[in-house]
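Colleague: With the sequence up front, the predicted model follows.
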Amino acid sequence: MPADTLARPAASPPGAAAGHRLPSWFSTAALLLPTYGWLLIAIFLPLCTMLAFSFMNATPMGRAPVVFTLKHYKAFVTQPYLVGIAWDSLVIGFWTTFLCAVLGFFAALALARATAGRARETLLILILLPFWTNGLVRVFSWTMVLREGGFLDVLLHSVWPGAGSIGFLYTRPAIVLGLVHGYLPYMILTCYIALVTIDDAIIEAAQSLGARWWTILTRVLLPMALPGLTTGAILTFVPVIGSFMEPRILGGRVGVTMGTVIEDQFTQAFNWPLGAALSFTMLAVILAIFATFSGVLRRSTGGMA
Amino acid sequence: MTNVDITSVAKTYGQTPVLADITTHFAEGSFTSLLGPSGSGKTTLLRIVAGFITPDSGKVAIGGADVTDTPVYARNIGMVFQSYALFPHMTVAQNVAFGLARRGIRGAEARKLVDRALEMVRLPGFGERRPKQLSGGQQQRVALARAVVIQPSVLLLDEPLSALDRRLRQEMQVELKRIQRETGLTTIFVTHDQEEALALSDKVAILDRGRIVQMGPPAEVYEQPKTRFAAEFLGDTNFLKGTVVDGALRLSDGTLIRTGAPLPATGAAAMVAVRPEKMRIDAAGKAGDGAENRLSARIDHVIYAGPALTYALTASDSTALKIFAQNSTGAIHAEGSDVSLVWQPAHTIPMEDAA
């Protein structure tokens, strides 16, 4: 038998190849399985567990009898202060995403269009630096800068000795500042990838047709980089809504966001079902926002004159 | 519809001169090809006219107005790129209307002009499609419509047909010539394809290392090349070297070759060029009327290509020669046979750069 199968390929390669080749769906499945298997075990199952918890009066690990309930989903009604916190979180999310988009787009534009070769590589690595530093270190170093009498004040007083303090630690702008610092690289990278693929000739064509820089920016570069901007916005907005480290450290007393409230439910109050219910509610809100925005974006790009 | 004047334009990148003191004139409504190998500066010259590159010195004038310091967007040029460079996020109609909107033409008037432009490039009804849905040839037609619809002062074509396959390229050559005639636009066309340049243009400019070595109508540049480079770059050429004796060229084996145009003074080294299709094989070796040039040679190879034959020969002064012959009689000269080559003195062109 082995001799037979070995001899056959030499005699008739097409037939033998068909016999040995795996069906294409098999290799696709084999390549995808590790990722999807990992996602299933590491993300999907815990998420399902959390979803189940959110409908219980208590976690099944305790001694109390477990009863099905929807009361955690009524938290926004029974505890109205949560609505305010959720709103604050969304506002912080919008500001962070907006600032990241503006700064990130122009930084990416400069990288993609004005630099080349080694300079570009170095600048890209510098952008990735925040990723290399520990998040906690990154956030705490901002407290040194922003606190009263911090580096920011020292800098100001060296120029204008009589001035008061401009330190704004424990305010909402401080939270946004810390979040922008942390999430800007995502936005720069997604915009950079979108912008670097734009052929120089397309910009030159626009110039030759009479377009100035403003027209090129709004009519050519922005629409063409929109997929990158959208991806960057999602990569920024979603984690920012759930963030709790930056609000807690840089926001102090004003730093109460959905992220910190949810974290408290798991680490302080040990009310996992409420924490889970709040998480899923915020997820629903975020998905609703994206659904609205994607519809608006599609219409605006499709119907552009 | 305006002329373009280039005066003493030079451009250097680092230590490398790309263009060296170019002065030339593109007449109103003319179709001029800039022809040369890569690195000859032809694209740089086109981009200086467009305004993408500022020359180190010299002046560029479009329609008599000095535009050397005018930015690209204010020059009113139409440009077509090798990569088409259509805006991928816009429809065909939006692409064509882009330049019109920059000139304040919008709405019904713009739509009318866009429709007319798309009709001119034979793509009526394609307005709502996206560039991605079109073939390469169709995309380049849209790019052409987009460049022409704004009624530019000058149409600049940067190897627009190089990305197309051979059959499509020939089709587009015809279209390009037709559209240029219809619009009457002064056109500058950069190409490295010599046949394309000869077939399309009123004038051909041959560039070599940043200089225009020869410029003129295609037939003149082909029939009367001035330098070895021009003769070699445009078509195939046989070169014969020798010394000048009494107004004729004496080859090393003593054969005298007469020329149409005057040669340098007696005793000087000189070189002449003869196109392969101008030479005729005279196998019988019978004496001619004496008015024609004669050179004995041996046939090394024959390449049979159906309607045409190519002979590779070695002349009596051991120069390698090439001859194109029409297969009109069906009689093919045998390899290894000794023959006489006959041609007119008028087709013997002295080279200015005697090597």
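Modeller: Nice, thanks for sending it over. As the structure is a prediction and not an experimental result, all values here were calculated from the model.

Colleague: Could you use CA atoms for every contact and neighbour count after this?
Modeller: Noted.

Colleague: helix or strand for residue B:213, which one?
Modeller: If you go by DSSP states H and E, residue B:213 is part of strand B:211-216.

Colleague: That strand - what's its average pLDDT?
Modeller: Model confidence over strand B:211-216, given as mean pLDDT, is 94.

Colleague: helices and strands around that strand, which ones?
Modeller: strand B:16-26, strand B:203-208 (3 or more CA pairs under 8 Å, 6 or more residues apart in numbering or on different chains; DSSP states H and E).

Colleague: CSV please, covering those and showing mean pLDDT.
Modeller: Shown next, in CSV, are these (pLDDT from 0 to 100):
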stretch, mean pLDDT
strand B:16-26, 92
strand B:203-208, 94
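
Colleague: Let me know which of the ones you listed is tucked in deepest.
Modeller: When the helices and strands packed on strand B:211-216 are scored by mean count of other CA atoms under 10 Å in any protein chain shown, the highest mean neighbour count falls to strand B:203-208 (a mean of 24).

Colleague: Skip the chain neighbours and tell me the closest residue to the residue of chain B found nearest chain A.
Modeller: Nearest residue of chain B to chain A (CA to the nearest CA) works out as residue B:73 at 3.9 Å. Closest residue to residue B:73 apart from its sequence neighbours, by CA to CA, 6 or more residues apart in numbering or on different chains: residue A:210 at 3.9 Å.

Colleague: Where does that neighbour sit: helix, strand or coil?
Modeller: When classified by DSSP: H, G, I helix; E, B strand; the rest coil, residue A:210 comes out as coil.

Colleague: That one and residue B:76 touch, don't they?
Modeller: Yes. Residue A:210 is within contact range of residue B:76, at 6.9 Å (criterion: CA atoms under 8 Å).

Colleague: What parts of chain A come near chain B?
Modeller: Selection of chain A residues close to chain B by CA under 8 Å from any CA of the partner chain yields A:199, A:201-202, A:204-212, A:220, A:223-224, A:301, A:304-305.

Colleague: Which positions in the helix or strand containing residue A:230 come out as buried?
Modeller: Residue A:230 is located in helix A:222-242, with elements delineated by DSSP H and E. Within helix A:222-242, the residues that count as buried by 16 or more other CA atoms under 10 Å in any protein chain shown are A:222-230, A:232-238, A:240-242.

Colleague: All the strands of the stretch 51-200 of chain A, residue numbers only.
Modeller: Remark: strands of the stretch 51-200 of chain A are absent; assignment by DSSP state E, counting those that start in this stretch.

Colleague: State the distance from the residue nearest the centre of chain B to residue B:158.
Modeller: Central residue of chain B (CA atoms, centre = their mean): residue B:197, 3.3 Å from the mean position. Distance of residue B:197 to residue B:158, given as CA to CA, to the nearest Å: 13 Å.

Colleague: Which residues are in contact with each of those two?
Modeller: The contact sets of residue B:197 and residue B:158 overlap at residue B:191 (CA atoms under 8 Å, 6 or more residues apart in numbering or on different chains).

Colleague: rewinding a little: measure the residue nearest to residue B:73 to residue B:179 for me?
Modeller: Taken as CA to CA, the span from residue A:210 to residue B:179 is 22 Å.

Colleague: Compare those two and say which is more crowded by neighbours.
Modeller: Higher neighbour count among residue A:210 and residue B:179: residue A:210, with 26 against 17, using other CA atoms under 10 Å in any protein chain shown.

Colleague: check contacts around the more buried one.
Modeller: Going by CA under 8 Å, 6+ apart, residue A:210 touches B:72-76, B:99, B:102-103.

Colleague: Of those, which is the most crowded?
Modeller: Busiest of those [other CA under 10 Å] is residue B:99, holding 27 neighbours.
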